[in-house]
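can't give you the sequence, but here's the structure:
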Ligand SMILES: [Zn+2]
């Protein structure tokens, strides 16, 4: 299924793009609508659920970095494709066909079909708050001097991409205004650098491969498609281990949590019974330790730091010593500061952070990072510092975690001549690979939380059947027939 979604996104959709650059928007409307419906149908088949609400469909069409699922919607990119194609080739067209054919006057007032289409495309974008100023810069505010197709202007590269990005940002802003607080917090939490890396991961190794049920759970969580939990009799089936850490007061080992489950996955993602929330934390810790080693640090986990030991008064009024055990410790050359990393996964829909997380990107991750600094103040550890590896349940990273990852990439580039030789793109590739490992670790564990709490064994328990397996069989059969293998069986 992961492979199927990847193929849909990477192959089927971009192939159609060329068509939209070559034909004016009005000519491709009908085709775009059919392509959009086919895309949606395929995606719903993967999810085994319908995207019934407008917000779900809008979010699915947003780029992953903005919290979407990266499904292109052709209706909404015809205008940028047409404009972008003209902006990129205008000087060449003028040189080939003569200045008069596509002069500024023809572009802005001519009745030729293609010129009218250029103006309609500009208006369509302006209606959504996307503009091009007289220098060709894409902007979100109406410019004093709009783009005028002036004679003698140079070719403008990548305008389709820049216009589309701006349009997607405007779409996300509008979507946020229509959503209640918890849904806003979740949408924001799904975005940012690296947050959606799991969606783009190729299933080429165990570290980046999802089982169908996992992929489906997480894809549904992202778009707030009900999980098939949350009926009046659905209770959390996580079993107590008897560990005093897992819940106050400690429960009896073997008993189930039995709190009500909800269709949005809130309880399952935060339940402290059954050990999965802790396993999620440890999985991320281990990826950071692995990254630290790749960057050449001496990397260890679960390390006590005496400088941060503190005394505090417990509920009975007695003084107790609280030791500081940090998730990761990274030591480099003596000139480098000692760095401790501490992982914290924050749920942006939890009551403590909901208000802030609904109104600003990354507020939950930032709040949790602040808490870590209060507990482990830099003033007590000269020559060392703490980096909170703060991430929100749906994938958005805190700023300091991202900063540490970028520093670690620089360290790799210093050690590895191949990465260094590839320059900027070499570093981007390493960073993307790390974000992917982290993102897959987080989401696999999220999926495990939902699957375990709901005792979901397979996709059938999520409601709906994909029929996808039969489609694969049909596809293989057709391919076999085309290749002339008469006795091929699947
Ligand atoms: Zn529970």
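Thanks, I have it. All of these numbers come straight from a predicted model, not from anything done at the bench.

who in the stretch 101-250 of the chain is up against the ion?
Listed as neighbours of the ion in the stretch 101-250 of the chain under the rule CB under 5 Å from the ion: 236, 238. For glycine as for every other residue, the C-beta is placed from the backbone atoms N, C-alpha and C.

next up, the contacts around residue 447.
Listed by CB atoms under 8 Å, 6 or more residues apart in numbering, the contact partners of residue 447 are 210, 213-215, 217-218.

and the residue nearest the centre of this protein?
The centre of the chain sits closest to residue 196, judged by CA atoms, centre = their mean, with a distance of 1.9 Å.

follow-up on the earlier one: in TSV: the contacts of residue 447, plus secondary structure.
Putting these into TSV (DSSP: H, G, I helix; E, B strand; the rest coil) gives the following:
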residue	secondary structure
210	coil
213	helix
214	helix
215	helix
217	helix
218	helix
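
are any of these buried, and which?
Burial of these was assessed by neighbour count (16 or more other CB atoms under 10 Å); the buried members are 210, 213-215, 217-218.

the ion: which of these is nearest?
residue 217 (16.2 Å; CB to the ion).

so the closest one is in contact with residue 450, correct?
Yes - using CB atoms under 8 Å, residue 217 is in contact with residue 450, at 5.0 Å.

which residues are in contact with each of those two?
What both residue 217 and residue 450 touch, as defined by CB under 8 Å, 6+ apart, is the set 227, 456.

against residue 32, how distant is residue 17?
Residue 17 sits 11 Å away from residue 32, going by CB to CB, to the nearest Å.

swap that for residue 256, please
For residue 256, the distance to residue 32 (CB to CB) stands at 50 Å.

please identify which of the two sits among more neighbours.
residue 32 (21 against 16; other CB atoms under 10 Å).

for residue 341, give me phi and psi.
Backbone geometry at residue 341, expressed as degrees, to the nearest 10, gives phi -120, psi 140.

so how many other residues sit close to it?
24.

residue contacts, it?
Counted by CB under 8 Å, 6+ apart, residue 341 has contacts 288, 292, 326-330, 386-389, 404.

what sits against residue 122?
Residue 122 neighbours (CB under 8 Å, 6+ apart): 79, 83, 132, 147.

quick check, the second one in contact with residue 159.
Just to be clear, that refers to residue 83. Yes - using CB under 8 Å, residue 83 is in contact with residue 159, at 6.5 Å.

of the two, who's got more company?
The residue with more neighbours, out of residue 83 and residue 159, is residue 83; 24 against 21, by other CB under 10 Å.

and that one, backbone torsions?
According to degrees, to the nearest 10, residue 83 has phi -60, psi -50.

the nearest residue to residue 1 once chain neighbours are set aside and residue 203, how far apart?
Distances taken as CB to CB, 6 or more residues apart in numbering put residue 212 closest to residue 1, at 4.3 Å, once the chain neighbours are dropped. Using CB to CB, we find residue 212 at a distance of 11 Å from residue 203.
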